[in-house]
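In: here is the input, now give the coordinates:
(one chain, ligands or ions: 2)
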Amino acid sequence: MRFLLIVIGMLSAVPTRADTVMTAQVTTSLASREAYSQAIAPLSPQDKQLFLQGRGLVRQSWIISPAADREIAGLGPLYNRNACIACHAKNGRGFAPDGSEESMRAMLVRLSVPGHTLTGAPMPHPYYGDQLQEFGAPGVIAEGRAQIGYTEQTITLNGGEKVSLRKPHLNFSQLAYGPLPDDIMTSARIAPAIYGMGLLAAIPDQTLLALQDQAKPGSIRGRVNMVWSAEQQRHVIGRFGWKANVDSVREQTASALANDMGLNSAMFPAGNCADQQTSCHMAPVSGAPEIRPEQLDQMELYQLALAVPAPRLQDYPHIRQGARLFRQAQCAVCHQPQLRTGDFPRLPALSRQTIAPYTDLLLHDMGPDLADHRPDFAASGSEWRTPALWGIGLAKQVEPNTGFLHDGRARTILEAILWHGGEAEEAKKTVQAMSPDDREALLAFINSL
Ligand code: HEC
Ligand code: HEC
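Out: Ligands and ions are numbered 1, 2, ... in the order given. As a prediction, the model looks like this:
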């Protein structure tokens, strides 16, 4: 008995790692600019082939129809950018312009008018649709430009450190289809990263419902979004996009092809011309559908199979201290450090994995400062889906301009934390009140992910 107690004592004295260890098969130890571009390890020869084809399509620069090379034609008539990676550079996140003179390069602006469609989606504007497209093919007038300006405010943290936070203001110019109505609702969103999508897709719905129903400390709640699936023609739980407004990687991809680049597919046959945009409807198309189902299969598999960067330096005392503080400050209630995937027949390697995504995929009310006041299915104007934090420490390595939060307003991870409000108000206050050493450890931990 005595011996047993000593052994147990010794075991608990063994230093534990900072957090969950994910298996090597779904992670990559690469920490370079290519960290978000690696495949999970066990891919069948067939899936390897699809992965490479999908990679080609995600990197493809599409061209306007009519064109000699029909295979890569179909961009427009209206579009934001000509390639997925124009916004998701190296599969990473985008960023906001630094001021109103700069154009939006890796983000877009959603639009809607009050009310919702029959499926519960935001109601598109009759001329501008549900997204502002800044470019048009020859003969098709681009919709206009969106600019972001900022006002800065300084806050002081315990220990005296001063941090400047920039609050964005959106403006529109060169509006080609008439002024926007006073009750227009807008939402500026940067591109999130697209690695680890398969593991997030493999988390069972039941897990999300259980997380939703779990009692949580303080004012933290959290709920699933219910969204319309164009693929399944019914309402399902949403998990992708800044408001969990899309349910699958396949649909997100088909919708990006249609809305961001004007490429139609069987899922979105109509492309992105709004009801009243005559010149858009009359522009030449390269043949319907511009994206074939097998091309969508390839792009889907590529994103499902992108590995997640493995956390680094998890045994360092400073990082372990940060991991402890992350839990103590209740960050981990929303940014869940450990979840389990279910069965995922499409890619068995993703099945039954213990993962460290640092998200619950639930919507949380983040308070008035982060609100866009534009409901998206069940998500209110102040609710956002907890973003995954895995791999976030490499974001600047992959894209030096990278921004944080839905509209890229935060230039650093500390700024992102200091914008937290609503359900996360307490967590933010805890960080503000931390000693400088503790705050540094917390940031070191997040940067180690
Ligand atoms: C104009 C910039 C832009 C382009 C081009 C673009 N995206 Fe995105 N992407 C975004 C934005 C912004 C979001 C967030 C959308 C939202 O919140 O509704 C997003 C979200 C996503 C997501 C969900 C990620 C997550 O964590 O929830 C995936 C997957 C994705 N895009 C894939 C693609 C693919 C594949 C393409 C090319 C077919 C593409 N995107 C083209 C800007 C872009
Ligand atoms: C109530 C749930 C909740 C809590 C608690 C919470 N967060 Fe968040 N966090 C979110 C949501 C939701 C967002 C996205 C908000 C947005 O984009 O406007 C976010 C965004 C972030 C981001 C930026 C991620 C990105 O992809 O841009 C970081 C970093 C972050 N949180 C860290 C923390 C830390 C550290 C704590 C604890 C001090 C914490 N969060 C507590 C819900 C939460």
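In: quick check: which ranges of the protein have low pLDDT?
Out: For the chain, the stretches flagged by pLDDT under 70 are 1-18, 286-287.
In: near ligand 1, which residues of it?
Out: By the rule CB under 6 Å from any ligand atom, the part of the chain lying against ligand 1 is 58, 80-81, 84, 86-88, 107-108, 189-192, 194, 197, 240-243, 245, 249, 252-253, 256-257, 260-261, 299, 303. Bear in mind the C-beta positions are built from the backbone N, C-alpha and C, glycine included.
In: and for whichever residue of the stretch 301-449 of the chain sits closest to ligand 1, the neighbour number?
Out: Closest to ligand 1 within the stretch 301-449 of the chain is residue 303: 5.5 Å, counting by CB to the nearest ligand atom. Counted by other CB atoms under 10 Å, the residues lying close to residue 303 total 24.
In: and if you look at residue 421?
Out: The number of residues packed near residue 421 is 18, by other CB under 10 Å.
In: for it, what are its contacts?
Out: 366-370, 428 (CB atoms under 8 Å, 6 or more residues apart in numbering).
In: now residue 185
Out: With CB under 8 Å, 6+ apart, residue 185 has these contacts: 111-114, 122, 372-375, 381.
In: buried among the residues of the chain next to ligand 1? Make that a ChimeraX selection.
Out: To isolate the buried ones among the residues of the chain next to ligand 1 in ChimeraX, judged by 16 or more other CB atoms under 10 Å, type:
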select :58,80,81,84,86,87,88,107,108,189,190,191,192,194,197,240,241,242,243,245,249,252,253,256,257,260,261,299,303
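In: among the residues of the chain next to ligand 1, which ones are in helices?
Out: 58, 84, 86-87, 197, 249, 252-253, 256-257, 260-261, 299, 303 (DSSP state H).
In: quick one: which of those residues is nearest to residue 279?
Out: residue 261 (18.0 Å; CB to CB).
In: hang on, that closest one packs against residue 62?
Out: Yes. Applying CB atoms under 8 Å, one finds residue 261 in contact with residue 62, separated by 5.9 Å.
In: in contact with the closest residue to residue 309 other than its chain neighbours, which residues are there?
Out: Counting by CB to CB, 6 or more residues apart in numbering, the nearest residue to residue 309 once its immediate chain neighbours are dropped is residue 391, at 4.3 Å. By CB under 8 Å, 6+ apart, the contact list for residue 391 reads 35-36, 193, 195-196, 308-309, 449.
In: go on, residue 115?
Out: Taking CB under 8 Å, 6+ apart as the test, what residue 115 contacts is residue 123.
In: that one and ligand 1, how far apart?
Out: Separation of residue 115 from ligand 1 (CB to the nearest ligand atom, to the nearest Å): 19 Å.
In: make sure that residue is indeed in a helix.
Out: No. With DSSP: H, G, I helix; E, B strand; the rest coil as the criterion, residue 115 is assigned strand and is not in a helix.
In: before we move on, the earlier item: the residue of the stretch 301-449 of the chain closest to ligand 1 and residue 55, how far apart?
Out: Using CB to CB, to the nearest Å, residue 303 is found at 10 Å from residue 55.
In: what do you get for residue 276?
Out: Using CB to CB, one obtains 38 Å as the distance from residue 276 to residue 55.
In: and residue 368, by the same measure?
Out: 41 Å.
In: equivalent analysis for residue 258, please.
Out: 21 Å.
In: apart from its neighbours in sequence, what residue is nearest residue 87?
Out: residue 191 (3.9 Å).
In: list the residues that contact that neighbour.
Out: With CB under 8 Å, 6+ apart, residue 191 has these contacts: 87-88, 93-94, 106-107.
In: which residue is nearest the middle of this structure?
Out: Centroid-nearest residue in the chain, with CA atoms, centre = their mean: residue 192, separated by 3.3 Å.
In: contacts only, for that residue.
Out: 93-94, 241-242, 387.
In: how about residue 27?
Out: 307-310.
In: so which of the residues you listed belong to strands?
Out: With strands defined by DSSP state E, the entries of the contacts of residue 27 inside them are 308-309.
In: most neighbours among the contacts of residue 27, which one?
Out: residue 308 (27 neighbours).
In: show me what that residue bridges to in the sheet.
Out: For residue 308, the beta-bridge partners under DSSP bridges are residue 27.
In: who has more neighbours out of residue 276 and residue 55?
Out: Taking neighbours as other CB under 10 Å, residue 276 and residue 55 compare with residue 55 leading, 21 against 14.
In: what sits closest to that one if chain neighbours are left out?
Out: Closest residue to residue 55 apart from its sequence neighbours, by CB to CB, 6+ apart: residue 302 at 5.3 Å.
In: just give me the neighbour total for that neighbour.
Out: Residue 302 has 29 neighbouring residues, counting by other CB under 10 Å.
In: ok, now the one 3 residues further on?
Out: For residue 305, the count of nearby residues is 26 (other CB under 10 Å).
In: what helix or strand is whatever residue of the stretch 1-150 of the chain ends up closest to ligand 2 located in?
Out: Residue nearest to ligand 2 within the stretch 1-150 of the chain: residue 93 (6.7 Å; CB to the nearest ligand atom). Under the criterion of DSSP states H and E, residue 93 resides outside all helices and strands.
In: got the contact list for it?
Out: Residue 93 touches 106, 190-193, 395, 399, 402-403, counting by CB under 8 Å, 6+ apart.
In: find the nearest non-adjacent residue to residue 144, please.
Out: Looking at residue 144 with CB to CB, 6+ apart, the closest residue is residue 175, at 4.0 Å.
In: touching, the one you found and residue 147? I think so.
Out: No. Between residue 175 and residue 147 there is no contact under CB under 8 Å: 12.0 Å.
In: common neighbours of the two, please.
Out: Common neighbours of residue 175 and residue 147 (CB under 8 Å, 6+ apart) do not exist.
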